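**Student:** turn this into a model:
(one chain, ligands or ions: 2)
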Amino acid sequence: MATNINTTRSGSATPTVNGDAEAPPKPRIALITGITGQDGSYLTELLLNKGYEVHGLIRRSSNFNTQRINHIYIDPHNTHKARMKLHYADLTDASSLRRWLDTILPDEVYNLAAQSHVAVSFEIPDYTADVVATGALRLLEAVRSHIAATGRSHIRYYQAGSSEMFGSTPPPQSETTPFHPRSPYAASKCAAHWYTVNYREAYGLFACNGILFNHESPRRGENFVTRKITRAVGRIKIGLQSKLFLGNLQASRDWGFAGDYVEAMWMMLQQEKADDYVVATEESHTVEEFLEVAFGYVGLNWKDHVVIDKRYFRPAEVDNLQGDSSKARKVLGWKPKVGFEELVKMMVDEDIELAKREKVLVDAGYMDAQQQP
Ligand code: NDP
Ligand code: GDR
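**Tutor:** Numbers count the residues shown, from 1 in each chain. Ligands and ions are numbered 1, 2, ... in the order given. So this is what the prediction gives:
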């Protein structure tokens, strides 16, 4: 029989006055894995703006990996102002997850951490499964056992699911579309999805799967195709690069803006009932169309610069993704604010500025112009 956790929103989940009429309302506390990633940075900004205290789990790296959140970092010694706090942990280390839950006592947990590169998952499948699939299970189990030990049953959990789970199932893809994953990454995300559903059904955990279609931004990792293209456009325009090596240009993706998508994550955790939602613009474009808009925006022809390189083709491709996000639009009241062309131009504008700064370093002899991202 399922052991149910009472998930009514109470305790510090709703800002309350702690018995003292003078005391300020207690802020809600969020715990984010993957805070140093693209989505982690936008979600942190969103939650800080809503008055949350945000705790992020970061993994140890030989180089600093906090570039995307440096602009909002305040020295923790400044205790009154620092509302974002960082802690070392890893999704491959169960003890660290449970320890930080017990210490931070979050109201909301967002599991964004992942080895998130589809092509790389074919190179390191075992590690990808450990972080993406078993990592999600470790965190769910840490949340479940934390609740069992403390009685903090109001905790809400968000799992970063992906349109890659649909894989070769034709569009439009909605919450009821069958999964057919085409990579170790996608198969691992399917496992994480079902672990999340299972913890909801077995233990009554307030756990939601966001099935998010591709979302991009000027903070997108530089080896994802959109950012790889806009970085190249900036560098070609400024004279730092001439060629751009790419793989399959015919793949079609439903690309939105990451800043819009993190709002949907938060909205899911504010509902009465935990559920799963597709988040998408409902518009799909090929990589070639992305090239046309990005190069065309700065008066260049992509055909003069792009070279097809077999190494960027994948053992199995996902040809066509286009979401049906009608459930999120109806139930959450979510809709994207940034359209395809605006997104591409936003990314190109930022990458032109970045290339200009790189040019200064190249001209001063501090950087090799051939050093491509
Ligand atoms: P990023 O690749 O930008 O960020 C991934 C984050 O996970 C980084 O903070 C990274 O740390 C962290 N991480 C990686 N491995 C571990 C580990 N072993 N332990 C702890 N942290 C780890 O991804 P996005 O921000 O783009 O995506 C966020 C989530 O949403 C991911 O789960 C992704 O798979 C999923 N997703 C993304 C979509 C998109 O279009 N962006 C669409 C659908 C789903 P570090 O900075 O040190 O590398
Ligand atoms: P994707 O994003 O696999 O959809 O996963 P990516 O930008 O890597 O690829 C999109 C499409 O572009 C094609 N492509 C190339 N891709 C890369 N990276 N580099 C190239 O040179 C290149 N040339 C062509 C790919 O074959 C593919 O068809 C992203 C990630 O953020 C996942 O974590 C997330 O779950 C999904 O989006 C939804």
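**Student:** which strands and helices sit next to the longest helix along the chain?
**Tutor:** Using DSSP state H, we find that the single longest helix of the chain is helix 340-363. If you count contacts as 3 or more Cβ pairs under 8 Å, 6 or more residues apart in numbering; DSSP states H and E, helix 340-363 packs onto helix 225-238, strand 256-257, helix 287-297. Bear in mind the C-beta positions are built from the backbone N, C-alpha and C, glycine included.
**Student:** give me the residues contacting the next helix or strand after the longest one.
**Tutor:** Right, the one you point to is helix 225-238. Per DSSP states H and E, the first helix or strand lying C-terminal to helix 225-238 is strand 244-246. With Cβ atoms under 8 Å, 6 or more residues apart in numbering as the test, strand 244-246 has contacts from 225, 228-229, 232, 236, 287, 302, 305-309, 311-312.
**Student:** strand 244-246 vs ligand 2: in contact?
**Tutor:** Yes. Interface with ligand 2: strand 244-246 contributes Leu246 (Cβ under 6 Å from any ligand atom).
**Student:** centre of the chain to the next helix or strand after that strand, how far?
**Tutor:** Sequence-wise, the next helix or strand downstream of strand 244-246 (DSSP H and E) is strand 252-253. Distance of strand 252-253 from its chain centroid, counting by Cα atoms, centre = their mean, to the nearest Å, is 18 Å.
**Student:** and strand 252-253, what does it pack against?
**Tutor:** strand 285-286.
**Student:** what pairs with the strand it packs on, parallel or antiparallel?
**Tutor:** strand 252-253 (antiparallel) (DSSP bridges).
**Student:** tell me the mean pLDDT for the partner strand?
**Tutor:** Taken as a whole, strand 252-253 carries a mean pLDDT of 98.
**Student:** residue ranges with poor pLDDT in the stretch 1-150 of the chain?
**Tutor:** 1-21, 79 (pLDDT under 70).
**Student:** who in it is up against ligand 1?
**Tutor:** So the stretch 1-150 of the chain meets ligand 1 at 33-34, 36-40, 59, 61, 65, 90-92, 112-116, 131 (Cβ under 6 Å from any ligand atom).
**Student:** quick one: which of those sit in helices?
**Tutor:** Using DSSP H, those in helices are 38-40.
**Student:** just curious, which of those residues is nearest to ligand 2?
**Tutor:** Gln38 (8.2 Å; Cβ to the nearest ligand atom).
**Student:** and for the closest one, the neighbour number?
**Tutor:** Counted with other Cβ atoms under 10 Å, the neighbours of Gln38 add up to 24.
**Student:** cool, and Thr66?
**Tutor:** Quick note: Thr66 (other Cβ under 10 Å) scores 15 neighbours.
**Student:** that one reaches Ser41, doesn't it?
**Tutor:** No. Using Cβ atoms under 8 Å, Thr66 is not in contact with Ser41; the gap is 9.4 Å.
**Student:** about what we covered before: closest to ligand 2 out of the helices and strands packed on helix 340-363?
**Tutor:** Here helix 225-238 is closest among the helices and strands packed on helix 340-363 (Cβ to the nearest ligand atom), at 3.6 Å.
**Student:** now the angle from the closest one to helix 287-297?
**Tutor:** For helix 225-238 against helix 287-297, the angle by axes from the mean of the first three to the mean of the last three Cα atoms, to 10 degrees is 30 degrees.
**Student:** who does helix 225-238 touch, helix- and strand-wise?
**Tutor:** By 3+ Cβ pairs under 8 Å, 6+ apart, helix 225-238 packs against strand 244-246, helix 287-297, helix 340-363.
**Student:** dump the ones you listed to CSV, plus mean pLDDT.
**Tutor:** CSV is the format used below for these (pLDDT from 0 to 100):
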stretch, mean pLDDT
strand 244-246, 98
helix 287-297, 98
helix 340-363, 97
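**Student:** between these, which one is closest to Arg138.
**Tutor:** helix 340-363 (33.9 Å; Cβ to Cβ).
**Student:** just the helices in this protein please.
**Tutor:** Counting by DSSP H, the helices of the chain are 38-49, 94-104, 118-123, 125-128, 135-150, 184-203, 225-238, 258-268, 287-297, 326-327, 340-363.
**Student:** quick one: which of these is nearest Ala274?
**Tutor:** helix 184-203 (5.6 Å).
**Student:** apart from its neighbours in sequence, what residue is nearest the closest residue to ligand 1 within the chain?
**Tutor:** In the chain, the residue that lies nearest ligand 1 is Gly37 (2.1 Å; Cβ to the nearest ligand atom). In space, and not counting its chain neighbours, Gly37 is closest to Leu112: 6.1 Å by Cβ to Cβ, 6 or more residues apart in numbering.
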